[in-house]
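Asker: Next come a sequence and a model predicted from it.
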Amino acid sequence: MVTPVAIVILIRNINENSCSFWMQERHEDGPLNGLLEFPGGKIEDGEIPKQAAIREFLEESSTELTNVILFKIKSFDYRDRSVCLFTHFASGEGLSPSNGEWFEFSFSEKSSPYKGRLPEVNYEIIDDLLNYIRKHKDADMLENIWEQK
């Protein structure tokens, strides 16, 4: 059985070389315990992924988001579960979520400095999002990433 999960990557401090993502340490009885993850959780019956992303972010960070943008849908099989991740992102400028911290990611190194600290599926998601942000920044179209197409 595949569990649908909505997550949110909060982004801030985009500059020429890097940007920051908000992450939390996972606490569970399982293989992901102690790893850094993005706020999120199971999509409830009757809920669309965007609603779940906003609800889960509020529950886990005590911060209400009004706009999240669907970035990527990715299925992944862990040893103990299968998930379909509905990955959203949002601007974190001016926000101070709780229960986590900001981590800087460089456009050149991408997720590599965090090897072993993240669930395996997050490396691809992070690298793809960093490429997406960098391409928009290089084209002087960064403001366009905050608009749902």
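Answerer: Received, thanks.
Asker: okay, and for the chain, where does confidence drop off?
Answerer: In the predicted model, the chain carries pLDDT under 70 at residues 148-149.
Asker: Could you pull out the helices in it for me?
Answerer: 49-61, 120-138 (DSSP state H).
Asker: Please identify the most buried of those helices.
Answerer: helix 49-61 (a mean of 20; mean count of other C-beta atoms under 10 Å). Any C-beta I mention is one placed from the backbone N, CA and C, and that applies to glycine too.
Asker: what's it in contact with?
Answerer: Contact with helix 49-61 is made by 4, 6-8, 10, 22, 24, 39-44, 47, 63-66, 68, 70, 86, 88, 90, 97-100, as judged by C-beta atoms under 8 Å, 6 or more residues apart in numbering.
Asker: Touching, residue 34 and residue 24? I think so.
Answerer: No. Using C-beta atoms under 8 Å, residue 34 makes no contact with residue 24, being 11.3 Å away.
Asker: So for the two, which sits in the more crowded spot?
Answerer: Neighbour count, other C-beta atoms under 10 Å: between residue 34 and residue 24, residue 24 has more, with 18 against 10.
Asker: Quick one: residues contacting the closest residue to that one other than its chain neighbours.
Answerer: In space, and not counting its chain neighbours, residue 24 is closest to residue 100: 3.6 Å by C-beta to C-beta, 6 or more residues apart in numbering. Residue 100 sits next to 22, 23, 24, 25, 39, 61 when contact means C-beta under 8 Å, 6+ apart.
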